[in-house]
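K.L.:
The sequence and its predicted three-dimensional model are supplied below.
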Amino acid sequence: MRSTPAAETFPAHTPAVSQVFTTVLSHGPLTRLEAGRRAGLSPAAVTKAVRPLLEAGYLVEGADEDARPALGRPAGLVRVNGERALFIGVKVTGDELIAVLTDLCCRIRLARRVPLPDRATRRVLASIADLVQELLGHAAESGAPVLGLGIAVSGDIDRAEGVVRYSPFLAWRDVPLAELAAMTSGLPVTVDNDVRALTVAEQWFGAGAGLSDFAVVTVGAGIGCGLVVHGQVVAGAHGVAGEIGHIVVDPAGAPCHCGNRGCVEAIAGDAAIVTRVREVTGRQVADSTEAVALAHQGVAGAREVYARAGEAIGRGIATVANLLGPERVIISGEGLAAYDLFAEQIREAFTAAAFGSAARCDVQTRPLPFEEWARGAAAAAIQSFITSPPSSRKG
């Protein structure tokens, strides 16, 4: 992920340093022996990796005060010093900005929301800059430096260049967001797809912690999917890995904005559901909240729309399970407000379409507010900070 020059760089002189730090970040506090076991490194390699992190204050080490007394000297535990640095994460939706200030452990210190009445790039950048300045003011009180800004946007995002290639909900094409936001904020900027950023946070701190292979599927305005394969968040050669929203499940179905027909998103996305509920009920349904209410009231046809949406989502999840065989699929997103209306259909369609042992995949629901998506943007900024090679962080 592209970052602009930082005032401070992470002391990652070897890949092992980032590997040990990430391991302790996700699973710590840990003894050096346990950190090495989890990271697949020898004790000598761990000692070498830990030294610059301790010297720079990113890690601290001490005895486990909660451990039961035992003979001999108690083993020291290594943990991340969350107070060492701060990061800002911003989630951009079609009508709102959600921003958080986090510490190095991605714990939210402060959260803010502001409406986004205008989706023009210039206006959005100005609103992001205002939010960042407000959070920087709060950060100054702690004395810890703010070392990165992460921005999460839906759509086709070029992570390497920090460019929004296409975001349908913002109507943006080829916007160099990282470069522009760096100019207005003065911070190193990481731009990522919002679902992929959320997946980073779930991998390090959430329901995916400790899993080598899992997926995050989000339902709402769009249908997104973040993938972790062999411990790595997958972007793909062109940055669009995991686009299950555009798997065709009904070739004769409604047209999708991508140009195909019958995509999962064209059946189960919020806009598609609202449009279909209007058609089958003959009522002027303003938004998904009203559509859900009609279905809960038992209005003829409305429940069937959600049932069909659930079937499409289940088939999309089964495709992921068949291709990658994840241990777990985590379903989240604002569309979970209607989960009771299509949960059964998701499970039935998934079970019917999943091949063999892929059906054993653990499918969980995890409602997350947009503050958690903004936290995902901060996690992406932290990831960029600790894994970018030194050459890419120099001015």
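P.N.:
Good, I have the coordinates. Numbers count the residues shown, from 1 in each chain.

K.L.:
tally of neighbours for E334?
P.N.:
18 (other C-beta atoms under 10 Å). C-beta coordinates here come from the backbone N, C-alpha and C atoms, glycine included.

K.L.:
go on, P15?
P.N.:
Neighbours of P15 using other C-beta under 10 Å come to 11.

K.L.:
for L147, helix, strand, or coil?
P.N.:
Assigned by DSSP: H, G, I helix; E, B strand; the rest coil, the conformation of L147 is strand.

K.L.:
can I assume it is in contact with P188?
P.N.:
Yes: L147 is within contact range of P188, at 7.1 Å (criterion: C-beta atoms under 8 Å).

K.L.:
Which one of the two is surrounded by more residues?
P.N.:
It is P188, of L147 and P188, that has more neighbours when counted by other C-beta under 10 Å, with 28 against 24.

K.L.:
in the stretch 51-200 of the chain, which ranges drop under the pLDDT threshold?
P.N.:
The stretch 51-200 of the chain contains residues with pLDDT under 70 at 63-75.

K.L.:
What segments of it are strands?
P.N.:
For the stretch 51-200 of the chain, the strands defined by DSSP state E, counting those that start in this stretch occupy 59-63, 76-80, 86-92, 96-103, 108-115, 146-153, 156-158, 163-167, 172-175, 189-193.

K.L.:
Out of those strands, which gets nearest to I313?
P.N.:
strand 189-193 (18.9 Å; C-beta to C-beta).

K.L.:
hey, where'd the helices end up in the stretch 101-250 of the chain?
P.N.:
121-140, 177-185, 194-205 (DSSP state H, counting those that start in this stretch).

K.L.:
Now distance to T199 too, for the strands of the stretch 51-200 of the chain, in JSON lines please.
P.N.:
Below are those laid out as JSON lines (distance: least, C-beta to C-beta, whole Å):
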{"stretch": "strand 59-63", "distance to T199": "25"}
{"stretch": "strand 76-80", "distance to T199": "20"}
{"stretch": "strand 86-92", "distance to T199": "14"}
{"stretch": "strand 96-103", "distance to T199": "17"}
{"stretch": "strand 108-115", "distance to T199": "18"}
{"stretch": "strand 146-153", "distance to T199": "11"}
{"stretch": "strand 156-158", "distance to T199": "13"}
{"stretch": "strand 163-167", "distance to T199": "18"}
{"stretch": "strand 172-175", "distance to T199": "22"}
{"stretch": "strand 189-193", "distance to T199": "9"}
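
K.L.:
okay, stretch 98-110 in PDB with CA atoms only?
P.N.:
Taking Å, rounded to 0.1, in the frame of the first residue of the first chain, the C-alpha atoms of stretch 98-110 are listed here in PDB:
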ATOM      1  CA  ILE A  98     -16.700   8.100  10.200                       C
ATOM      2  CA  ALA A  99     -13.300   8.800  11.800                       C
ATOM      3  CA  VAL A 100     -11.500   7.200  14.700                       C
ATOM      4  CA  LEU A 101      -8.200   8.000  16.500                       C
ATOM      5  CA  THR A 102      -6.500   4.800  17.700                       C
ATOM      6  CA  ASP A 103      -3.400   3.800  19.500                       C
ATOM      7  CA  LEU A 104      -0.800   1.400  18.100                       C
ATOM      8  CA  CYS A 105      -2.900  -1.600  19.300                       C
ATOM      9  CA  CYS A 106      -5.800  -0.200  17.200                       C
ATOM     10  CA  ARG A 107      -7.800   0.600  20.300                       C
ATOM     11  CA  ILE A 108     -10.200   3.400  19.600                       C
ATOM     12  CA  ARG A 109      -9.400   6.600  21.600                       C
ATOM     13  CA  LEU A 110     -12.000   8.800  20.000                       C
END
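
K.L.:
Run through who's touching that stretch.
P.N.:
With C-beta atoms under 8 Å, 6 or more residues apart in numbering as the test, stretch 98-110 has contacts from 25, 58, 80-91, 111-114, 128, 131-132, 135, 138-139, 142, 144, 146, 201, 204-205, 370-371, 373-375, 378-379, 382.

K.L.:
repeat for stretch 167-179
P.N.:
By C-beta under 8 Å, 6+ apart, stretch 167-179 touches 2-4, 92-94, 119, 121, 124, 151, 153-157, 161-166, 189-191, 221-222, 257.

K.L.:
Any buried residues in stretch 93-100, and which?
P.N.:
T93, L97, I98, A99, V100 (16 or more other C-beta atoms under 10 Å).

K.L.:
Looking at those, spot the one nearest C361.
P.N.:
Checking the buried residues of stretch 93-100 one by one against C361 (C-beta to C-beta), the nearest turns out to be T93, at 29.2 Å.

K.L.:
my guess is the closest one meets E334, correct?
P.N.:
No: taking C-beta under 8 Å as the definition, T93 is not a contact partner of E334, at 9.1 Å.

K.L.:
isn't S185 right next to A129, touching?
P.N.:
Yes: at 5.9 Å, S185 counts as touching A129 under the criterion of C-beta under 8 Å.

K.L.:
Which one's more surrounded, the two?
P.N.:
S185 (22 against 16).

K.L.:
follow-up on the earlier one: mind checking the strands of the stretch 51-200 of the chain for the one nearest to T275?
P.N.:
Across those, closest to T275 is strand 163-167 (C-beta to C-beta), at 20.5 Å.
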